[in-house]
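Asker: got a predicted structure here, sequence first:
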Amino acid sequence: KDYNFPTLTELNNLRKKFGVQLSNDKIFNKNIKDKLFDSLKIKKRYVCLYLRPYFESFEKKEIDLELDPRCTSDISSFYSIINHLKLLNFDIVLVGKNKFNKKLNDLGVINYSSSQYQNIVNDMYIYYYCEFMIANPGGPSVYPWIFDKPCLALNATTFWAFPNWEKYIYHPKKIIDIKKKKQLKFSEIINNPIIYEQGNKSYNLQNLMTEDLTEKELLESTKYFIEQYNKKDFNQDLHLYSKMYDRLSFYHLGFKESFSRISEKYLNSIND
């Protein structure tokens, strides 16, 4: 009942056929935009940042079972990304709706997600006028596609559900064999039902666990993405990984269809 990949594929095909959705400035009211941006103190180009941390009662780094492969263990690992974006003269606007975002307030971010201005209408203005988005898996990560904005998806693991959206780059987490204390390679991942897993059941049954990207890896991935953003070209040169692609079948769904969207840095780390 949750098999939505064909719908995503058809939606993307319709988008390519009929053009970009919601790209007309006339849809938006300049007075509403100016008032909102003045209230939030957005004065220059900005990046949307969406994080999906664990609940406070679950500290994933202290346990040895998978709680939710979609979540990020420690939002402080994104500090370097935030500081780097600020050095590039971007504002960072926290989106979504999560109380843990307040931990980032001291870094000088604009915490729209915890503000009194957070509502669905204002969401549209925030996403529409951003430069790009950096996001964990979750509902808000669809907005860049709706408004034809680039997006770097970090710490994702739902391989089957990666849509082939042209300005997206996916950099998944590592998958760790707890008993063997090693990272799964490409052949082990594509032959495992966990590629269809959005929860934790298959992971825990197999003594597997996801491992977030380190702060250094997150920063390197962001720099790589910004290079593409500056070139306005999100087509990666993945000829070194053609043998990996050839091993994928129709049944790998998004892992096959969106292979060109998966970060080269990730493919290099799992190549066997």
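Answerer: Happy to help now that I have it. Numbers count the residues shown, from 1 in each chain.
Asker: all contacts plus neighbour counts: C-alpha atoms, from now on.
Answerer: Noted.
Asker: pLDDT weak spots in the chain?
Answerer: Residue ranges of the chain with pLDDT under 70: 1-3, 20-24, 56-62.
Asker: what about the longest helix in it?
Answerer: The residue-count maximum for a helix in the chain (DSSP state H) belongs to helix 215-231.
Asker: give me the contacts around stretch 132-147.
Answerer: 20-23, 46-52, 70-72, 95-96, 127-128, 149-156, 165, 167 (C-alpha atoms under 8 Å, 6 or more residues apart in numbering).
Asker: so how far is N155 from A135?
Answerer: As judged by C-alpha to C-alpha, to the nearest Å, A135 and N155 stand 9 Å apart.
Asker: spell out which residues are contacts of both of those two.
Answerer: Common neighbours of A135 and N155, counting by C-alpha under 8 Å, 6+ apart, are absent.
Asker: picking up where we left off before, show me what the longest helix of the chain is packed up against.
Answerer: With contacts defined as 3 or more C-alpha pairs under 8 Å, 6 or more residues apart in numbering; DSSP states H and E, helix 215-231 has these neighbours: helix 79-87, strand 151-156.
Asker: okay, it in PDB with CA atoms only?
Answerer: Output in PDB follows, covering the C-alpha atoms of helix 215-231 (Å, rounded to 0.1, in the frame of the first residue of the first chain):
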ATOM      1  CA  GLU A 215      31.100  16.200  10.000                       C
ATOM      2  CA  LYS A 216      34.000  16.000   7.600                       C
ATOM      3  CA  GLU A 217      32.100  13.900   5.100                       C
ATOM      4  CA  LEU A 218      29.100  16.200   5.300                       C
ATOM      5  CA  LEU A 219      31.300  19.200   4.600                       C
ATOM      6  CA  GLU A 220      33.100  17.600   1.700                       C
ATOM      7  CA  SER A 221      29.800  16.500   0.200                       C
ATOM      8  CA  THR A 222      28.400  20.000   0.500                       C
ATOM      9  CA  LYS A 223      31.500  21.600  -1.200                       C
ATOM     10  CA  TYR A 224      31.100  19.100  -4.000                       C
ATOM     11  CA  PHE A 225      27.400  20.000  -4.400                       C
ATOM     12  CA  ILE A 226      28.200  23.700  -4.300                       C
ATOM     13  CA  GLU A 227      30.600  23.300  -7.200                       C
ATOM     14  CA  GLN A 228      27.800  21.900  -9.200                       C
ATOM     15  CA  TYR A 229      25.500  24.600  -8.100                       C
ATOM     16  CA  ASN A 230      28.000  27.300  -9.200                       C
ATOM     17  CA  LYS A 231      28.300  25.600 -12.600                       C
END
